[in-house]
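> Provided below for reference: sequence and predicted model.
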Amino acid sequence: MREPIRLPLDQAELTADLGGGMVRRTVHPSGLRVLTERMPGARSASIGFWVGVGSRDEQAERPDAPGSLGSTHFLEHLLFKGTPTRDAFSIATEFDRIGAEHNALTAKEYTCYYAKVRDADLDVAVDMLSDMVANSVLDADEFEVERGVILEELAMAADDLADVANERFFEAVLGDHPLGRPIGGWPENITAARRADVDRHYRNRYDPSTLVVTAAGAVDHDRLVAQIIAALNASPEKRWHTDGSAAPVRRAQMVDAGALDAAVTDATATAAATLDSAMAQEPRVQITERPSEQLNLLIGTQGFSANDPRRFAYGIMNSVLGGGMSSRLFQEIREKRGLAYTAYSFGASYSDSGVFAMYAGTAPEKAAEVVELSRAELRKLADTEISGEELERALGQIAGSTALALEDSDTRMGRLARAELGSGELFDLDASLERFAAVTTEDIHEVAATLAARPLTVVAVGDASRSSLESRD
């Protein structure tokens, strides 16, 4: 079985063949890390400036920092609003002038500022992204403008009931853990946010030791490294200068990861809770009333962490249960009974935990039946092993979708970053598929049994008054 490429933090230079794409990695003494994957024949490149800081790293509300929650997402917006040499309009016009696809994203464990450009314009993108990340002025007037923009963004999300259901589900399953908080914060956080709080977050969290730059496509590694170091050293902010020495930061497994597991009981680890008793127990039901034609339903529980050794079996199980049009949920809920237009399952995994859920949007009068069908399909996977034909189909789906995704430089750029910020292991396509192929039907059965043995939570958002669902803790 092919081994992944190891990414030790104490190795200054690394070169490896990643299934046809040449990968190079530099760990600078300042803690800065740069990874590239050259894609033969490409005439464009995707580049991302990744900071290993996400919404989970924000401080809880304090009297002296009432807007500290939501600071990571607020900061993401502000880095587009100006530096000592560029105002917000200049940033926008320079990206437009080169036809760049550019944006940023805030996640629970990282933030990314990225652009996709033609090869001839990569230097421009690097210069601009370096300037934005290292030299943002967080202008006070722009801060107030963005406060309004973000409040509108949160309002837009609040009108999307599937989004609301997702946020409520994370809160319900993960409770007070930072992973359970919404990435953008709550409106009251943004209303109370102060520029000084966001500025402190920026200065305390953004420096070379937390920065990972990844690029894929038509890219020259040595040129890119030299350009980034020159840009950081030109910053008026001394914390960005690379003449010092610092250990690069990688998100480690949380020391108290067990605390989260204990908060959401893993029934497989307790003699008192068997699979039968867990499935016989009625799930918790949390209802958010909103005017709507459909109820948005999420049925699930705590999942697995990103580096859990069972993650490959978990991926196959998810494919069989709700990963496509031939999946069990889609067939039972939509194709056989016509109860929903959309039905699927998914897992979201993080460094120390995750969530697993089954989703469907259905008429309120049919909601209880959809919940029971979803529970029943999970139980079937927990009770009996899948067929060889289902396993073969799931492996084909995973292999095909992964290979197609890797045709895109954005995907390859993101793969480099997530390996560097997370596990420290970089899998090429063949190494990954070999691990999926090694999964047995018993492995999948055990993963399903583990999930089914955990207490389930049902989140319903919509006009639940027309359904037979009732809130239950």
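Right, received. Where do you want to start?
> which stretches of the stretch 351-473 of the chain form helices?
For the stretch 351-473 of the chain, helices defined by DSSP state H, counting those that start in this stretch occupy the ranges 367-383, 388-405, 409-418, 429-437, 441-452.
> do the stretch 151-300 of the chain as well
Using DSSP H, counting those that start in this stretch, the helices of the stretch 151-300 of the chain run over residues 161-174, 187-192, 195-205, 221-233, 257-263, 275-280.
> tell me which of the ones you listed sits most buried.
helix 161-174 (a mean of 21; mean count of other Cβ atoms under 10 Å). From N, CA and C alone the C-beta is placed, and that goes for glycine too.
> re earlier: so which of the helices of the stretch 351-473 of the chain is nearest D139?
Closest to D139 of those, according to Cβ to Cβ: helix 409-418, at 28.4 Å.
> buried ones in that closest one?
By 16 or more other Cβ atoms under 10 Å, the buried positions in helix 409-418 come out as 409-410, 412-418.
> and stretch 304-322, by the same measure?
Applying a neighbour-count criterion of 16+ other Cβ under 10 Å, one finds 304-306, 310-322 buried in stretch 304-322.
> how about stretch 363-373?
363-364, 366-368, 370-371, 373.
> let me have the buried residues of helix 409-418 in TSV, extended by pLDDT and distance to V459.
Converted to TSV, the buried residues of helix 409-418 look like this (pLDDT from 0 to 100; distance: Cβ to Cβ, whole Å):
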residue	pLDDT	distance to V459
S409	96	36
D410	97	31
R412	97	35
M413	98	33
G414	97	28
R415	97	31
L416	98	34
A417	97	31
R418	96	27
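> which two from those residues end up farthest apart in space?
Greatest spacing in the buried residues of helix 409-418, by Cβ to Cβ: S409 and R418 (15.0 Å).
> which of the buried residues of stretch 304-322 lies closest to A125?
Distances from A125 to the buried residues of stretch 304-322, taken by Cβ to Cβ, are shortest for A306, at 28.6 Å.
> figure out the helix or strand that the closest one lives in.
Using DSSP states H and E, A306 sits within no helix or strand.
> was I right to think it contacts L421?
No - with contact defined as Cβ atoms under 8 Å, A306 does not count as touching L421 (10.4 Å).
> what's the mean pLDDT across stretch 164-176?
Regarding stretch 164-176, the rounded mean pLDDT is 96.
> which outside residues touch that stretch?
Here stretch 164-176 makes contact (Cβ atoms under 8 Å, 6 or more residues apart in numbering) with 157-158, 179-182, 260, 263-264, 284, 286, 288, 290, 296-298, 300-302, 353, 355, 357, 359, 457, 459-461.
> got a PyMOL select line for the buried ones in the residues you listed?
Buried residues among the contacts of stretch 164-176 (16+ other Cβ under 10 Å), as a PyMOL selection:
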select buried, resi 157+179+180+181+182+260+264+284+286+288+290+296+297+298+300+301+302+353+355+357+359+457+459+460+461
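> what about the nearest residue to Y206 once chain neighbours are set aside, how many residues nearby?
Leaving aside its chain neighbours, Y206 sits nearest to V51 (5.8 Å; criterion: Cβ to Cβ, 6 or more residues apart in numbering). Other residues lying near V51 total 23 when counted by other Cβ atoms under 10 Å.
> same question, R334
With neighbours defined by other Cβ under 10 Å, the count for R334 comes to 19.
> hang on, the earlier thing: include distance to H241 when you put the helices of the stretch 151-300 of the chain into CSV, please.
Shown next, in CSV, are the helices of the stretch 151-300 of the chain (distance: least, Cβ to Cβ, whole Å):
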stretch, distance to H241
helix 161-174, 39
helix 187-192, 33
helix 195-205, 14
helix 221-233, 5
helix 257-263, 35
helix 275-280, 55
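> let me see the contact set for the closest residue to G48 other than its chain neighbours.
Once flanking residues are discounted, G48 sits nearest to Y114: 3.9 Å by Cβ to Cβ, 6+ apart. Y114 makes contacts with 46-49, 102-105, 129, 410, 413, as judged by Cβ under 8 Å, 6+ apart.
> and Y114, bridged to which residues?
G48, N103 (DSSP bridges).
> how far away is it from R25?
The spacing between Y114 and R25, counted by Cβ to Cβ, to the nearest Å, is 18 Å.
> state the distance from R435 to E3.
In terms of Cβ to Cβ, R435 sits 11 Å off from E3.
> swap that for G400, please
24 Å.
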